[in-house]
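Asks: Below are the sequence and a predicted model for it; my questions follow.
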Amino acid sequence: MKRILVVIGCLLVFGCASPPPLTSLTLFFSPEQISLTSEQQRKISQFLADNPYHQLIAKVAPADLANPFDALMQGQKRIHAVSKLAESQSIPLHLEYAPSQIADTLVLQRQSP
């Protein structure tokens with residue numbers, strides 16, 4: 001009985017001590033950046049690996065450019081770069097253009113069940 005309580009206690013302590021899985025990832029871009037840096041690719045790949053069976057949403061904001069059309073095009077190129085990375089891992093992404101989001105950001109989120 002004492003051993004069972006010790007095992008249950010250890011499981012609770014170590015189970016509660018492990019960090020919760022990330023449910024979102026925010027990336028920042030420079031205004032002229034259209035491709036992903038190696039660090040951004042690593043972070044996205046890790047996020048996708050941690051959430052392989054969840055529907056993910058990628059929300060991208062326009063670039064901070066004076067011309068709205070160019071800003072939209074930058075956002076589309078960023079979405080394309082992220083979706084290519086997700087496709088390579090066979091993980092579905094729901095892509096959203098978020099014009100009210102902070103400029104030059106991309107947010108990956110796990111949809112809640």
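Replies: Perfect, I can see it now. Every value quoted in this text rests on a predicted model; they were computed, and no experiment measured them.

Asks: Regarding this structure, what is its longest helix?
Replies: helix 68-88 (DSSP state H).

Asks: Quickly run through the sheet partners of the helix or strand just after it, with directions.
Replies: Next in sequence after helix 68-88, counting helices and strands by DSSP states H and E, comes strand 93-97. Strand pairing for strand 93-97, using DSSP bridges, gives strand 56-60 (parallel).

Asks: pLDDT on the partner strand, on average?
Replies: Per-residue pLDDT values across strand 56-60 average out to 88.

Asks: and that strand, C-alpha only, in CSV?
Replies: Coordinates of each C-alpha in strand 56-60 appear next as CSV, following Å, rounded to 0.1, in the frame of the first residue of the first chain:
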residue,chain,number,x,y,z
LEU,A,56,-3.8,24.0,-36.9
ILE,A,57,-4.6,27.6,-37.9
ALA,A,58,-2.0,29.8,-39.4
LYS,A,59,-2.9,33.5,-39.1
VAL,A,60,-0.7,35.9,-41.0
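
Asks: Tell me which other helices or strands the longest helix of the chain touches.
Replies: In this structure, helix 68-88 makes packing contacts with helix 38-50, strand 56-60, strand 93-97, strand 105-110, judged by 3 or more CB pairs under 8 Å, 6 or more residues apart in numbering; DSSP states H and E. The C-beta positions use only the backbone N, C-alpha and C, and glycine is treated the same way.
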